[in-house]
Structures are given as structure tokens and as C-alpha cells.
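Visitor: what's the 3D shape of this:
(one chain, ligands or ions: 2)
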Amino acid sequence: MQTSEQTSQLKIAIVGKGAIGGLIASKCQSQKIPYQLLLRQTSSNKIEVEQSLPFILKIEDILGNTHTLATKVAEIGQDNNFDLVILPIKAYQISDALHSLKSTLLPNQVIVLLHNGMGTIEEVKQHFPNNPCIAGTTSYGAYKCNANYVKETGLGETHLGWVTPLRSAQSAKIKRVLASLLPPTIWHSDISLALWRKLTINGVINPLTAIHNIKNGQLAEEKYTEQISRLCGEISCIMNHLGYTDSTADLRDLVMSVIHKTANNFSSMHQDIQHNRPTEIDYINGYISKAAASLSLPATENSKLCVQIKRLETSS
Ligand SMILES: NC(=O)C1=CN([C@@H]2O[C@H](COP(=O)(O)OP(=O)(O)OC[C@H]3O[C@@H](n4cnc5c(N)ncnc54)[C@H](OP(=O)(O)O)[C@@H]3O)[C@@H](O)[C@H]2O)C=CC1
Ligand SMILES: CC(C)(CO)C(=O)C(=O)O
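Guide: Numbers count the residues shown, from 1 in each chain. Ligands and ions are numbered 1, 2, ... in the order given. Here you go, the predicted model:
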């Protein structure tokens, strides 16, 4: 395959046509970065995927302006004409997507994980031990109104870092391009710390808002204070064993600041439960509980939330 390494611009592939994927596509389009969507066939894109026709995606930006994208598409696993592939999909969807990419992905192609939760880096290392890999997290907000319409609901920031580095001049170019997609972008030499902090935010806000059927801001009420502290305590203990210094108070302050900043949001897990969709609980509190068990540490509060969310998933 001819990559664009020595020639012009990087070519980007985006897996799916979801909320965050749609936002990234619109940023590629506006910055004239060559990109395509890698889709699985569904009733809403069967013709485009089968006949490689452009997929029409409308993006409403934060100012309310609508942009119509006619995006190039390919079926996931059928095309590898790109330098890096971004996976802005749910954590529990990563395994299937990696499986689809397995037969076509070349060892020099970069994998970019961009989702809530943790545990998928291990899946990438298992399936693609030689591929360069970047992991990240974003606090941008986007909502998929229907199969072809994505609304940007909040500007945020993006944290990225190499988990398996690419040792070539291409690396700086990749960093530059990714930094322009969901800015501002903070590059980390150890992305794990940023991922643990985001995991803490999602580990507290997401399950509690889903269980109590409330907006993020309602978690500032005093009746949740002790439980939030206990959850942060368990996570801080794990992080300290992994060499990070964040205390219970540091994590609680971080979570409370996001509760205040996103007071009017319904968390993604709240929305998943309300719409009878699977949640990312296994990759959030489930990951925390497993990490605790592997270090022989307690995670009673996190495990309890897993059980409660699983119950809601099966009853909805
Ligand atoms: N939306 C938001 O505001 C935010 C989301 N996040 C996180 O970002 C991640 C992505 O979220 P979001 O964009 O909302 O998710 P969406 O559910 O909107 O999008 C997921 C997309 O992935 C596609 N997909 C799933 N599996 C595959 C596969 N095997 N092959 C090809 N395509 C696949 C889906 O395709 P199909 O259309 O075929 O179902 C869908 O288009 C999540 O971890 C979320 O928690 C983080 C911050 C904010
Ligand atoms: C930060 C937060 C909690 C914002 O709602 C989020 O990431 C989510 O809902 O998944």
C-alpha cells in the first residue's frame, strides 16, 4: 500500500458515524484533511457501503450552523488506504471493530483509541502488538439526533498520548494533525494518569446519574457527598498503588468541578439506560473493580454500582 508518509498529508480513517466520529469528520472536512469513514453495514448505510457512495452527514456546530458532509466510506476491514485509524466508538464496541480490522491493518498504521472507560489498550496490544497506538479522552459533547445528523453540544479538550510509540518523523506529523481535530489537545508522556482521572469522573458521575435518574448537577446535593468520597477513596488507593499521587480529596475536587461544569447534562450512561442501550459500565466501574482485585484492594462501592447498573440494563 502507498501511504502518504513521504508525500503529502496524512490520511485518516474514522470508525463509525457516531456523535464524536461525526464531529471529527467535520473538523477533517473544514481543515481539508483527507479522511474516510469505516462503517459496518446497517440498514441506514447499506447502499453507500455496498456501492462506495458518499455518506451524507449533517453536523450542527456549537453556534447552530449546519454543515453537510458527503463523506467517503468503506466497509470496515475492506480498505486500508489510510495512515491512522481513529476509533471514537463505545468501549464495548472496540473488540469487534479490532476484529474487523485484523485482516487488513498493516503494522505501520496507527490506532487511535478515543472513548470513555479503560481496558481497550490491552485489547489492542493483544490483537496488534506491533502497531503504534495512541490512547485518548475528550470532553467535547455531541449528540446523534438521527443516523445522519450530529449536533455539537459542548466544546471541551482532548488528552492524548502514545501507548505504543511510532519511532519515525511521521510521529510529529500525527501529533500535529490530531491536535487540530478536537482542540485544545494536551499531549501526555504518560497518558494513563489522564485516563485514570477521566475514569474517576465517569466512575462517579455516570452510574450515579443513571441509577438516580438525575442530571449531573444534582450530584452536588449533600446526600451524595459520602458515596462520592468513598468511590474516590477506592480509586485513589488503586492509583497510589500504581505510582500516582492523587489523593481522595484531589479526585473528589476533580469530580465536583465536572459536576458543576456539566450541571445541565444527562451523562452518557444516564442516556444509555433511558434508551435501553448497553452501557460502558464494564470498562468504567468494572475496570476499577478488576484493577482493585488484581492489587488485592477493596472496591466495594465500585462493585456495588456495577451490580446496580447491570440490573438496570437487564430490566430495561
Ligand atoms: N457523545 C459524547 O458527547 C461523548 C462521548 N464520549 C465517549 O466517546 C465514545 C463514542 O461515543 P459516541 O460518539 O457518543 O458514540 P455513538 O454511539 O454515537 O457512536 C458509535 C459509532 O460507532 C459505530 N460502531 C460501533 N461498532 C462498530 C464496528 N464494529 N464497526 C464499525 N462501526 C462501529 C456505530 O455504528 P452504527 O451506526 O453502525 O451503530 C456508531 O456510529 C464513547 O466512549 C463515549 O462514552 C466522550 C465524551 C463525550
Ligand atoms: C463528563 C461526563 C460525565 C459528562 O456528562 C461524561 O463524559 C459522560 O457523560 O460520559
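
Visitor: contacts and neighbour counts: CA atoms only from here.
Guide: Fine.

Visitor: Need the residues that contact stretch 304-316.
Guide: 207-208, 210-211, 273-274, 276-279, 281-282, 285-286 (C-alpha atoms under 8 Å, 6 or more residues apart in numbering).

Visitor: Report the buried residues of that stretch.
Guide: Across stretch 304-316, burial judged by 16 or more other C-alpha atoms under 10 Å covers 305-306, 309-310, 312-313.

Visitor: if you average pLDDT over that stretch, what comes out?
Guide: Averaging pLDDT along stretch 304-316 yields 94.

Visitor: chain center to it, what's the gap?
Guide: Stretch 304-316 sits 22 Å away from the centroid of its parent chain (C-alpha atoms, centre = their mean, to the nearest Å).

Visitor: okay, Gln6: pLDDT?
Guide: On the pLDDT scale, Gln6 gets 44.

Visitor: Which single helix of this protein contains the most residues?
Guide: Using DSSP state H, we find that the single longest helix of the chain is helix 191-212.

Visitor: Can I get that one as CSV, trimmed to CA atoms?
Guide: The C-alpha trace of helix 191-212 is given here as CSV (Å, rounded to 0.1, in the frame of the first residue of the first chain):
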residue,chain,number,x,y,z
ILE,A,191,-1.5,9.1,29.2
SER,A,192,-2.5,6.6,31.9
LEU,A,193,-2.7,9.3,34.5
ALA,A,194,-5.1,11.3,32.4
LEU,A,195,-7.2,8.2,31.6
TRP,A,196,-7.4,7.3,35.3
ARG,A,197,-8.6,10.8,36.1
LYS,A,198,-11.3,10.7,33.4
LEU,A,199,-12.2,7.2,34.6
THR,A,200,-12.8,8.6,38.1
ILE,A,201,-15.1,11.3,36.7
ASN,A,202,-17.1,8.7,34.7
GLY,A,203,-16.9,6.2,37.5
VAL,A,204,-18.7,8.6,39.8
ILE,A,205,-21.0,10.7,37.6
ASN,A,206,-22.2,8.2,35.1
PRO,A,207,-23.5,5.3,37.3
LEU,A,208,-24.9,7.6,40.0
THR,A,209,-26.9,9.8,37.5
ALA,A,210,-28.2,6.7,35.7
ILE,A,211,-29.3,5.0,38.9
HIS,A,212,-31.0,8.0,40.4
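
Visitor: Please point out which parts of it sit buried.
Guide: Applying 16+ other C-alpha under 10 Å to helix 191-212 flags 191-211 as buried.

Visitor: can you tell if it touches ligand 1?
Guide: No: Helix 191-212 is not in contact with ligand 1 by C-alpha under 6 Å from any ligand atom; minimum separation 8.8 Å.
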